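Enquirer: what follows is a protein structure lacking sequence information:
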């Protein structure tokens with residue numbers, strides 16, 4: 001009996017009693033003012049099986065209540081959230097983070113070894129300043145290219161949605177809109193993401209979410225270096241309205257001398273021109289799919305050469321393919337309007353037309369009709385207008401599109417001029 005009491009007293013000294021939980025921004029919610037319930041020694045940790053203080057809260061409206069699942073010692077050993085067990089720095093599963101950092105931190109599985117390992121880690125945590133992880137994770141490199149590409153920069157509040165209503169799936173839910181659970185079709189049981197285990201996520205083995213992210217990382221696109229050595233400009237897209245010139249310069253100056261930085265606020269993009277090609281290649285390699293400024297992931301691409309821009313202006317793309325005209329737009333601009341002086345100067349250069357076509361400014365002549373003389377030559381009937389004559393149709397440039405008019409289609413003008421002016 002004495003041995004049992006001594007053992008119980010020793011275990012109670014190692015139980016956790018904390019005032020605040022260790023949470024990520026997603027689990028905490030978007031509301032800065034939330035209420036939490038605190039239950040001292042409410043449950044045992046799902047990893048080390050020691051009682052710890054349990055916090056419970058609601059992260060937002062129409063969200064499910066969440067609570068801490070592991071103790072703070074296990075959370076600090078892996079630098080993860082107490083609820084979702086995702087990395088606090090990158091928001092990724094432990095298996096993805098350890099793969100990116102080339103870390104293999106094997107936590108013992110047996111009860112005795114686990115207790116001994118936990119006590120040693122608690123001693124190391126107490127002696128540290130609390131700003132860096134402990135164990136092998138604290139000795140690992142600070143960042144990785146793969147982690148920067150996969151890191152989540154904004155909270156994912158969709159993860160806090162309620163669970164699916166099992167009564168609705170069976171067609172027996174009678175709450176309607178008042179039901180606090182989701183009325184959606186459940187996930188396919190054959191989907192690997194439907195089988196997730198909290199211990200597998202903590203130990204970094206057989207995690208379906210981690211396997212999905214690692215597959216995505218292996219198939220990510222790469223930024224090919226252009227063959228034109230004269231290109232020293234990088235295109236930065238997705239700036240938003242908060243990214244400034246100084247913030248871009250503070251990030252890119254480390255790669256080499258910057259010649260110019262041009263920000264196009266309307267398109268929310270920028271063009272950064274380096275003084276040397278080597279500096280541009282280094283900046284593209286270190287920033288592609290990794291550049292995060294003010295919490296926004298920016299898109300980095302190579303700029304285009306002047307020759308490629310000239311080809312596109314001529315209707316030919318960079319790959320040598322002629323660009324097709326856009327449907328609905330005119331293929332070419334209409335000719336400029338001709339003034340009276342230009343019309344009189346170029347009068348003798350016109351094709352043969354009839355008298356009516358000359359007066360109507362360029363209507364197509366019927367075959368076999370002679371060219372009338374210019375104004376001032378011949379009888380006055382060719383350049384004088386009868387005030388009683390019917391009005392002439394507007395010129396072709398002033399007519400509505402789609403209407404074609406020929407002299408033979410106007411019944412009011414057939415033979416009118418010939419009988420009035422004595423023509424044939």
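Expert: Perfect, I can see it now. The model shown is predicted, which means the values in this text are computed figures rather than measured ones.
Enquirer: any idea how many residues pack against residue 209?
Expert: Applying other Cβ atoms under 10 Å, we find 16 other residues in the vicinity of residue 209. In this view, the C-beta of every residue, glycine as well, is placed from N, C-alpha and C.
Enquirer: ok, the closest residue to it other than its chain neighbours - contacts?
Expert: With sequence-adjacent residues excluded and distances taken as Cβ to Cβ, 6 or more residues apart in numbering, residue 209 is closest to residue 93, at 5.4 Å. Contacts for residue 93 were tallied using Cβ atoms under 8 Å, 6 or more residues apart in numbering; they are 85-87, 201, 204, 207, 209-210, 213.
Enquirer: for residue 193, grab phi and psi.
Expert: Note on residue 193: its backbone torsions stand at phi -70, psi -10 [degrees, to the nearest 10].
Enquirer: shaky segments in the protein?
Expert: 1-11, 130-131, 142, 306-424 (pLDDT under 70).
Enquirer: what's the spacing between residue 96 and residue 304?
Expert: 35 Å (Cβ to Cβ, to the nearest Å).
Enquirer: more crowded one of those two?
Expert: residue 96 (27 against 16).
Enquirer: surely the more buried one and residue 210 touch.
Expert: Yes - between residue 96 and residue 210 a contact is recorded at 4.8 Å, counting by Cβ atoms under 8 Å.
Enquirer: which of the three states applies to residue 300?
Expert: The three-state assignment at residue 300 reads strand, by DSSP: H, G, I helix; E, B strand; the rest coil.
Enquirer: name the helices or strands packed onto the helix or strand containing residue 252?
Expert: Taking DSSP states H and E as the definition, residue 252 sits inside helix 245-252. Helix 245-252 sits against strand 258-264, strand 269-274, helix 277-287, strand 292-293, with contacts defined as 3 or more Cβ pairs under 8 Å, 6 or more residues apart in numbering; DSSP states H and E.
Enquirer: for residue 168, find the nearest of the ones you listed.
Expert: strand 292-293 (39.9 Å; Cβ to Cβ).
Enquirer: and the closest one, what does it pack against?
Expert: Using 3+ Cβ pairs under 8 Å, 6+ apart: strand 292-293 touches helix 245-252.
Enquirer: what about 6 Å?
Expert: Where contact means 3 or more Cβ pairs under 6 Å, 6 or more residues apart in numbering; DSSP states H and E, strand 292-293 is not packed against any helix or strand.
Enquirer: mind checking what helix or strand follows it in sequence?
Expert: For strand 292-293, the succeeding helix or strand toward the C-terminus, using DSSP H and E, is strand 296-297.
Enquirer: and residue 200, how many neighbours?
Expert: 18.
Enquirer: pretty sure it contacts residue 207?
Expert: Yes - between residue 200 and residue 207 there is a contact under Cβ atoms under 6 Å: 5.4 Å.
Enquirer: any buried residues in stretch 101-112, and which?
Expert: Within stretch 101-112, the residues that count as buried by 16 or more other Cβ atoms under 10 Å are 101, 103, 105, 107.
Enquirer: right, I mislabeled it, should have said stretch 270-279
Expert: By 16+ other Cβ under 10 Å, the buried positions in stretch 270-279 come out as 270, 272, 274, 277, 279.
Enquirer: residue 229: which of these is nearest?
Expert: Nearest member of the buried residues of stretch 270-279 to residue 229, counting by Cβ to Cβ, is residue 277, at 5.7 Å.
Enquirer: need the contact list for residue 24.
Expert: 81, 88 (Cβ atoms under 6 Å, 6 or more residues apart in numbering).
Enquirer: next one: residue 152 from residue 186, what distance?
Expert: 25 Å.
Enquirer: same question, residue 201
Expert: Residue 201 is 21 Å from residue 186, by Cβ to Cβ.
Enquirer: mind checking which of the two has more residues around it?
Expert: It is residue 201, of residue 201 and residue 186, that has more neighbours when counted by other Cβ under 10 Å, with 22 against 14.
Enquirer: for the more buried one, give me its contacts.
Expert: 85, 93, 207.
Enquirer: can I get the residues you listed in a markdown table including secondary structure?
Expert: Below are those laid out as a markdown table (three-state DSSP):
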| residue | secondary structure |
| --- | --- |
| 85 | coil |
| 93 | coil |
| 207 | coil |
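Enquirer: got a list of contacts for the lengthiest helix in the chain?
Expert: In the chain, ranked by residue count with DSSP state H as the criterion, the top helix is helix 111-127. By Cβ under 6 Å, 6+ apart, the residues outside helix 111-127 that reach it are 48, 73, 76-77, 108, 134.
Enquirer: mind listing what's buried in it?
Expert: The neighbour-count check on helix 111-127 (16+ other Cβ under 10 Å) flags 114-115, 117-118, 121-122, 125 as buried.
Enquirer: repeat for stretch 34-49
Expert: Buried residues in stretch 34-49 (16+ other Cβ under 10 Å): 45, 47-48.
Enquirer: list of residues touching that stretch?
Expert: With Cβ under 6 Å, 6+ apart as the criterion, stretch 34-49 contacts 15, 51-57, 69-71, 74, 118, 198, 202.
Enquirer: closest to residue 141 out of these?
Expert: For those, the nearest to residue 141 is residue 202 (22.1 Å; Cβ to Cβ).
Enquirer: a helix runs through the closest one, doesn't it?
Expert: Yes - counting by three-state DSSP, residue 202 falls inside a helix.
Enquirer: how much space separates it from residue 81?
Expert: Residue 202 is 11 Å from residue 81, where distance means Cβ to Cβ.
Enquirer: over to residue 198?
Expert: 12 Å.
Enquirer: neighbour-wise, which of the two wins?
Expert: residue 81 (23 against 13).
Enquirer: roughly how far does the closest residue to the more buried one other than its chain neighbours sit from residue 305?
Expert: Nearest non-adjacent residue to residue 81, counting by Cβ to Cβ, 6+ apart: residue 24, 4.2 Å away. The gap separating residue 24 from residue 305 is 44 Å, by Cβ to Cβ.
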